[in-house]
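Peer 1: Pasting the sequence and the predicted model now:
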Amino acid sequence: MSARRFVFLFVLGLSASPPAAAQKTGERGLSQQAAEPGFTGTRRVVIIGISRYLNLEGKKQLHYAAADAQMMYEFFRSRAGRSVDTQNIRLLVDTGARAGHMTEALRWLREHSQPGDEAIIYFAGHGAAEMWTGAEGGYLLATNADSSSYADGGVVRVSELQDAAATMATNRVRVLLITDACRAGKLVGTPEAERIVVGDPDGARRTVDALSHPWGDVAKLVSSQPSQSSWEGAQWGGGHGVFTYFLVKGLQGMADTDPKDGVVTLGELETFIRSFVRKETGSNQVPQRIGDSERPLALVDTSTARAASIAMQVARPRSAAGGRGGDSTPGAAMVADTASVDTTLARTLEAFTAAISARALLEPPGTSAWAVYRRLLTMRSAAAMLLDIKSTLAAALEDDAQEVVSDHLRVRTKQPTPARLRGAAKELERVLQLLGSHDVSARSLRSRQLFLEGYAAVREGRYASALPLLEQSVSVESQGAAAYNALGLAYLGLGRLAEARRAFNDAHARAPRWSYPVHGLGLVDAQEGRQSEAEVNFEQAIAEDSSYMEPRRQLASLYVATSRPKDAERVLRGAVAADSTDAASYADLGALLFDRQRYLEAVDVFERAIRLDSTKLDPHIRLSLSLYYLKRDAAALAVIQRATTMRNANALSWRTLGFLRGQHRDWAGAVTAYRHAQQLDPSAAAIADELGRVYLDAGRLAAADSAFRSALGLDAGYAAAYDGLGKVNEARGWPTQAERYYQEAVARDSLNPARHQALASFYFARGRFAESETAIRRSLALDPRDAWWTKNLALALHKLGREKEAEGLYLRAIALDSLNFGLHNSLGLFYGDLERFGEAERALRRAAELAPDAPEVAGNLGWLYSKLGRTADELREYVRAAALDSLNSDRYNQVGATYFELARYAEAERAFHRAAELAPRSALLAGNLGLVYGRLNRPEDAVREYRRAIALDSLNAERHSNLGGYYWSAERYREAAAAFRRAAALAPNSAQDAQNLGLVLEKLGQAADAEREFRRAVGLDSLNFRRHGALAGFLQRQGRLPEAEASYLRGLAVAGDSAAAAATELGDFYQNSGQPAKAEERYRAALARDSTSVGALVSLGNLYWAQGKVPAAKQSWSAVLRFDRDNALALNNVAWALYGEGRAADATPLSDQSLAHEATLSTADLRTYLDTRANIWLDAGDPRRALESFDRALQNNAHPDAGLYFGRAMSLLELGREREAVAAFRQAVAVDAKYGDRAFLAGTVRYSAKALARFDRLRALAQPT
């Protein structure tokens, strides 16, 4: 069983006529012979049954109301029901029972019923009442009713029904009203029984109560007491309401009991129904009667009564849709038989019916139902039908207009356009024209017409024009909520907040379940600054109708305005989860993510919004900017260019195009776009200001100055233009004037955080971090929940060395906006700078979780892993960043640099080459290609790229310095000198360029000039110990040892945190100048400062080696390998020591490891390590490989090397090539005579015993005979 609200059998004088007097089909209007005592009139019936409601959720639909209506139709068409002619029955079922159709059917019944007639109305469906309005009575709900506001249409008012019944009863038409209300849907008496409630839970009770009151001479049967439910289920005739089922059985003769005289009276019918219904429902349902119990209702047809009795004993299931059933079109009967009318009239009637069916009611001209109706007015042959035609057209017009009202009431749907609202108002105007001002529904129709006209004006923003229409609407009919709500919107648009609040309250009182008025109250609260109240109202509006998205968006806006971005995001994500087709919610979510600088997420959301609604400009504009910030420049331009071609393209779209063109350094394109924007909006100071920024970026300072002043001419208070003038003066190198303009901007717009932020940025760029802090704090005082500038304050404090405070602010920023990956990203960089690498990795990993496709996070993880020496992870993240941001040359440059560090030069070349394809005018990339070609031993390519870098950026000293460095490594000293001179000329204050020039001039033998450059480097960078060390090294090489020592000591004095490195340099000086005790003292001092100093440990090992303290030397070099196991120098030195001890097998893996990254080694180091490896191979018995290694080392050495010649001689000796061995030995001695001294080889170089034996053989062979 299932629950349903009402079944109304409104029988206006129901009685049964004898079969002999049955009216023939088609004999419309003829009287029937009375069957009951005293009855002589015609019987007409309106039957309405609604199981399906268009605007109600599934659990509120009914099951058997339509089946009950069908059963009633079959009864009245049967002999027992007096075989009522089809033209005297109106059957409206489910979606055919719209409010207009129902009203038209009742009107038809009222207008055609004459004194002495019977008029029968049967209604099965929902009934409800609005208890909050205080109005008594209730409504019969049509299939298009909306529970948001019954007073706004889609219903038949019980008061109108009462008026119609009373009018007919007064006109001597016999009236009976039967109601079957509040159906319940489980087995009788079970706890699962549940009433189906539409709107007010008390509405059904109040409606039944109203129907139970006497209406004059109208007789009624009511299915239950007001507080009871009426039952329905499959056990009654295969699916019916229990009341209606026994009602029909009683009318068929089963109620004729006492006296059994062949006549069923109202009292007998009541007794019969009450008895069986009470029994079937366990007394949970007790019908009631109103009216004369002796009123005869029907004569018994024997065969029908017998069938009814059998049916009651053997209930056979039947289809609820059996028989004729289905929807019917009101007025269809008027053209059912055209044989008796002339051909012209028949065609016109067919055209009318076709227009009604096609819903072509007022348009198109000439063929609409209205136009056909106007033609019928002129046809004399149609006169008898005009009443029905007019009523039918009125019903169709009212139902079509009501659909627009319903669309407005159903907040989950797209609101009707102004044109559609005006069209509906026109339809209701025609209805009033057809029915006249005295029709029972005229006031309701007029009120709705005025509402539709007024709401159309509201939708168009014509609030002043809307007011009189809406005020008149509520004065005509005060019960409807829609007009009050629209009135509230009009007042709100005019800024009359108190009146808006009153109107929304009036609407809410009339429709408390409708979310629109509560939403309106939230809007009023928000404008009045009553944020807490606004939040409550928006949340209530959402609770009233979770499918209504606008309150969610307004609530999110409220949260944004009150710096609650996480709450705003929660609400908007809930909105798109609730309705994945709502483009506006996606657009708002995208805007929120955009404003929080979460551009990667914003892109996906904006793209979804555009797919759902491609006509809105804002998502296109913000999408293009998001793509730009993600460095997807080509995609950004494509989106904004498409936006400027849209029909509704505005100045903002062209401004955005101008901005993006400017960011691509397409100055001409940017200026053209901004000029176009100015044509669309010539009074906008913002456009002139942005044009000024393009000129500023293009270096056209005078044009920029003029544009900013033009902006101030349009709006003297436009503070951003003062910021622009500040930037112009900053670019001119006039910081004093710049600061004055920034401060003027703040003074003119002191409550705007952006002004303080611009001043803060100025101070930060100039290293004035304390003043930057002050400006940022003022900005945050205005917007304390701005997470991004809270992060910027942390950055300023970090620069001031206040790391603890900075960390707290980074964490506060994240607490304010925990889903903003950019904040976690910044925290990771902060921890990385502090070398708190574990925390840095956690922060960056969290950023990656929030934005897995963010290339900047992947890039920063790569940077972190490079710091940690995790080269595989570093490379993986850099490669991932490049894949995510495949049009960004910087990403490929990072990949190339990582491959370069790993000595994977071929892969580095490919990465740098791809980067150069994306940024062909990048001097940096050309320089990097030069570096990699140098390592690939492609000198011509290297020089070409270095020169291309200079051509692209000829005023950049670094480009010339890089070329000089290449020439230096290639020992092309004159060319190196020329490049370094150019670099020094471009950067006269660069200490590094001065030092480089000094080094190359020394190589060229220009000692005086070299000394001048070394001393200039010291003067430019006197607090850098390496400048003093470079000068000291030069003086040492010149034999000026006291001056060299003094320079080393000055470097040590200023070294600060680099004292360990400075002390090591001084120790090397003492070792090379024959002062081993002082050298050891300095090395140990260095290790006391930094126990992991590689330089100090290696140099101390070298000292011990020179002193013959081989175990101590090995211990010092091995200490390096404990924390830097891949240190090639330490590996080589330990390997040589083991070789000298005759432990070639132990030395081999260490020597191999020292050469594992051969490509990263300098020429000198490579030569040394190859020499070590070759000597180990010799002792291991592989002279051929040893010879290859010695020869290779010689190829990488531009100058003769005695040690390599000596090793080559020993290899040739072992190969039996004595003549060549002797020649090589003599070359070694010629380069350095000590290689003919056995003591030197054994004590200083520490060759192995096997090597010394070879030496003895070589020397003997080399003696002249």
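Peer 2: Looks like it arrived, so ask away.

Peer 1: What is the subsequent helix or strand relative to the least confident helix or strand in the chain by mean pLDDT?
Peer 2: Ranking every helix and strand in the chain by mean pLDDT, DSSP states H and E puts strand 6-12 at the bottom, with a mean of 35. Remark: after strand 6-12, the chain's next helix or strand is strand 43-49, criterion DSSP states H and E.

Peer 1: Alpha carbons only: can I get that following strand in CSV?
Peer 2: Extracted in CSV, the C-alpha atoms of strand 43-49 (Å, rounded to 0.1, in the frame of the first residue of the first chain):
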residue,chain,number,x,y,z
ARG,A,43,-25.7,14.0,-15.5
ARG,A,44,-22.2,15.5,-16.2
VAL,A,45,-19.0,14.2,-14.6
VAL,A,46,-15.5,15.6,-14.1
ILE,A,47,-13.0,12.9,-13.1
ILE,A,48,-9.5,13.8,-12.0
GLY,A,49,-6.8,11.3,-10.9
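
Peer 1: who does it touch, helix- and strand-wise?
Peer 2: Contact here means 3 or more Cβ pairs under 8 Å, 6 or more residues apart in numbering; DSSP states H and E; on that basis strand 43-49 packs against strand 6-12, helix 65-77, strand 89-93, helix 99-112, strand 118-125. Where C-beta positions appear, they are placed from N, C-alpha and C, glycine not excepted.

Peer 1: got the angle between it and helix 65-77?
Peer 2: For strand 43-49 against helix 65-77, the angle by axes from the mean of the first three to the mean of the last three Cα atoms, to 10 degrees is 160 degrees.

Peer 1: Need the helices and strands packed on strand 43-49 in a markdown table (columns: distance to residue 343 and mean neighbour count).
Peer 2: Below are these laid out as a markdown table (distance: least, Cβ to Cβ, whole Å; neighbours: other Cβ atoms under 10 Å):
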| stretch | distance to residue 343 | mean neighbour count |
| --- | --- | --- |
| strand 6-12 | 37 | 29 |
| helix 65-77 | 31 | 26 |
| strand 89-93 | 28 | 26 |
| helix 99-112 | 27 | 24 |
| strand 118-125 | 34 | 30 |
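
Peer 1: Least reliable of those by average pLDDT, please.
Peer 2: If you rank the helices and strands packed on strand 43-49 by mean pLDDT, strand 6-12 sits at the bottom with a mean of 35.

Peer 1: related to what we said a few turns ago, mind putting the helices and strands packed on strand 43-49 in a markdown table, distance to residue 625 included?
Peer 2: Below are the helices and strands packed on strand 43-49 laid out as a markdown table (distance: least, Cβ to Cβ, whole Å):
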| stretch | distance to residue 625 |
| --- | --- |
| strand 6-12 | 58 |
| helix 65-77 | 56 |
| strand 89-93 | 56 |
| helix 99-112 | 50 |
| strand 118-125 | 55 |
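
Peer 1: And these: which comes nearest residue 354?
Peer 2: For residue 354, the closest of these is helix 99-112, at 17.7 Å, according to Cβ to Cβ.

Peer 1: how much does that closest one deviate in direction from strand 89-93?
Peer 2: Using the same axes, to 10 degrees: helix 99-112 against strand 89-93 is 170 degrees.

Peer 1: Identify whichever of the helices and strands packed on strand 43-49 lies nearest to residue 851.
Peer 2: Nearest of the helices and strands packed on strand 43-49 (Cβ to Cβ): helix 99-112, 53.2 Å.

Peer 1: From the chain's centroid, how far away is the closest one?
Peer 2: 52 Å (Cα atoms, centre = their mean, to the nearest Å).

Peer 1: what helices or strands is that helix leaning on?
Peer 2: Using 3+ Cβ pairs under 8 Å, 6+ apart, helix 99-112 is in contact with strand 43-49, strand 89-93, strand 118-125, strand 155-157, helix 158-170, helix 386-409.

Peer 1: swap the cut-off to 6 Å and go again
Peer 2: Applying 3 or more Cβ pairs under 6 Å, 6 or more residues apart in numbering; DSSP states H and E, one finds that helix 99-112 makes contact with strand 43-49, helix 158-170, helix 386-409.

Peer 1: For those, could you give me TSV that also reports mean pLDDT?
Peer 2: Converted to TSV, the helices and strands packed on helix 99-112 look like this (pLDDT from 0 to 100):
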stretch	mean pLDDT
strand 43-49	90
helix 158-170	86
helix 386-409	87
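
Peer 1: Can you convert those into TSV and add a column each for distance to residue 748?
Peer 2: Below are those laid out as TSV (distance: least, Cβ to Cβ, whole Å):
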stretch	distance to residue 748
strand 43-49	70
helix 158-170	64
helix 386-409	46
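
Peer 1: Out of these, which is the most enclosed?
Peer 2: strand 43-49 (a mean of 28; mean count of other Cβ atoms under 10 Å).

Peer 1: From the rest of the structure, what touches that one?
Peer 2: Contacts with strand 43-49, where a contact means Cβ atoms under 6 Å, 6 or more residues apart in numbering, come from 65-66, 68-69, 72-73, 76, 82, 84, 88-93, 97, 105, 109, 118-124.

Peer 1: do that again at 7 Å, thanks
Peer 2: Contacts to strand 43-49, defined as Cβ atoms under 7 Å, 6 or more residues apart in numbering, come from residues 32, 65-66, 68-70, 72-73, 76, 82, 84, 88-93, 97, 102, 105-106, 109, 112-113, 117-125.

Peer 1: Can you check what angle separates it from strand 118-125?
Peer 2: Using the same axes, to 10 degrees: strand 43-49 against strand 118-125 is 0 degrees.

Peer 1: roughly how far is strand 43-49 from the heart of the chain?
Peer 2: On Cα atoms, centre = their mean, the centre of strand 43-49 falls 55 Å from the chain's centre.

Peer 1: what does stretch 1065-1079 give?
Peer 2: 66 Å.

Peer 1: Return the set of buried residues in it.
Peer 2: Within stretch 1065-1079, the residues that count as buried by 16 or more other Cβ atoms under 10 Å are 1065, 1066, 1067, 1068, 1069, 1070, 1071, 1075, 1078, 1079.
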